[in-house]
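J.: model the following, please.
(one chain, ligands or ions: 1)
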Amino acid sequence: MSLFDSPSFEGHEGIHAFSDEASGLKCIIAVHSTARGPAAGGCRMWNYASSDDALEDALKLSRAMSYKNAMADLELGGGKSVILGDARTQKTPALFEAFGRAVEAVGGRYWTAEDVGVSPTDLAYARKHTRYVAGLDGHAAASGDPSPVTAEGVFRGVRLCVRRALRRDLDGVRVAIQGVGHVGAYLAQKLHAAGAKLILTDVNTEMLRRVADATDAEVVAPGAIFDVDADVFAPCALGGAVSLDTLPRIRARVIAGAANNQLADAEAGRQLFRRGILYAPDYVINGGGIINVAGEIRALGRGEAFDPAWVEDKLDRLTLTLEEVLDQALHERRPTHEVANQIARARIAGAETRAAA
Ligand code: NAD
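T.: All right, here's what the predicted structure looks like:
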């Protein structure tokens with residue numbers, strides 16, 4: 001299939017491929033939309049099996065960022081970059097300096113930040129050659145680790161879904177969390193403080209034990225998390241947790257968590273709906289992190305310090321947007337992810353129309 005026919009291409013404004021022989025950099029910067037503002041999305045470094053796989057990942061991730069940024073009501077479009085290579089063995093300062101030159105070459109239409117395999121230290125090298133980098137430490141506009149803000153947004157989303165689907169508050173509600181890394185651990189603390197009973201899993205047994213001890217949680221093996229007796233399933237590990245294989249095992253009435261791309265495919269989303277499970281669309285409920293990053297981009301643009309009150313206001317609105325999605329889905333009897341996609345596309349199209357007028 002050619003690039004323009006790929007379903008993932010869907011309306012991309014630009015796809016930029018860069019290579020730098022001296023440093024070994026090979027990267028793709030995908031800009032899905034700048035209708036709402038400059039495209040923003042992290043940089044992922046991954047040992048892709050082929051450049052086709054890297055391109056496919058960049059396209060999917062950049063479109064998802066357009067939707068996520070629109071739903072978080074940010075004046076940002078969607079983009080993403082991927083560096084082809086092994087983040088454990090192939091990172092060098094020269095590689096990230098070359099990446100910075102690549103970001104600069106896109107002329108401010110794309111802002112980068114951290115994603116899987118890329119740290120603030122790496123981005124500091126990129127920053128030498130471009131100002132379009134967020135997520136650095138040590139300056140007044142810096143936003144710091146986005147994970148606590150993501151976790152707060154997810155916590156509020158879980159509480160909302162529980163109120164709507166179970167008609168109760170979090171006290172005594174059983175929540176199964178898959179993955180207690182950066183976001184999952186903060187989420188576990190918040191839910192524990194609200195009186196929820198937790199069932200946790202992680203492939204990292206040391207981390208799992210630490211978080212479980214701190215939250216009086218029950219622990220299960222990674223493969224068993226789909227079978228537990230829980231009211232809420234919160235995927236906070238990798239994508240694809242909700243599939244046609246796992247769905248028949250999930251007994252929870254609510255699925256709400258931090259992971260990106262939770263639905264293995266659209267059919268899993270439709271099956272969820274038929275089973276009467278309330279699903280909080282991932283890119284809506286997990287928008288807290290990009291809101292935090294947007295706070296840094298805003299502060300850098302204005303030459304001001306980072307403003308936590310602005311972030312808090314956006315986080316409040318994110319929960320209202322989730323509520324709007326749930327209301328519309330209920331009213332129209334449609335799956336929540338389809339409603340969220342429709343609202344996101346309408347917000348992007350609205351910005352395109354305003355720009356053209
Ligand atoms: P993380 O890498 O810190 O945590 C992920 C955890 O999942 C790790 O502890 C890992 O050991 C565990 N894990 C991996 N595979 C597993 C499996 N099969 N079963 C159980 N546990 C498994 O990542 P994070 O920053 O906490 O992000 C978690 C998810 O949320 C990711 O999908 C990420 O893309 C998404 N997300 C994160 C943020 C953020 O602010 N960090 C924002 C938006 C979305």
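
J.: list the contacts of residue 140.
T.: 299, 304, 305, 306 (Cβ atoms under 8 Å, 6 or more residues apart in numbering). Quick note: C-beta positions are derived from backbone N, CA and C, even for glycine.

J.: return the member of those nearest to the ligand.
T.: Checking these against the ligand by Cβ to the nearest ligand atom gives residue 306 as the nearest, at 15.8 Å.

J.: buried ones from the contacts of residue 140, can you make that a ChimeraX selection?
T.: Of the contacts of residue 140, the buried ones go into a single ChimeraX selection, burial set by 16 or more other Cβ atoms under 10 Å:
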select :299,306
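
J.: and this protein, which of its residues are near the ligand?
T.: With Cβ under 6 Å from any ligand atom as the criterion, the chain meets the ligand at residues 146-147, 150, 178-184, 201-204, 207, 222, 236-238, 258-260, 286, 289.

J.: mind listing the helices for the stretch 201-350 of the chain?
T.: 205-215, 266-274, 282-285, 288-302, 308-332, 336-356 (DSSP state H, counting those that start in this stretch).

J.: among those helices, show me which one is buried the most.
T.: helix 282-285 (a mean of 26; mean count of other Cβ atoms under 10 Å).

J.: contacts for that one, please.
T.: 64, 67-68, 71, 153-154, 157, 256-263, 318, 321-322, 325, 340, 344.

J.: if we go to 6 Å?
T.: 64, 67, 68, 71, 154, 157, 256, 260, 262, 322, 340 (Cβ atoms under 6 Å, 6 or more residues apart in numbering).

J.: most neighbours among those residues, which one?
T.: Of all those, the highest neighbour tally under other Cβ atoms under 10 Å goes to residue 262, namely 32 neighbours.

J.: I'd assumed residue 343 was in contact with residue 67.
T.: No - using Cβ atoms under 6 Å as the test, residue 67 is too far from residue 343 to be in contact (9.0 Å).

J.: nearest to the ligand within this protein, name that residue for me.
T.: Residue nearest to the ligand within the chain (Cβ to the nearest ligand atom): residue 181, separated by 1.8 Å.

J.: and that residue, how many neighbours?
T.: Using other Cβ under 10 Å, residue 181 has 16 neighbouring residues.
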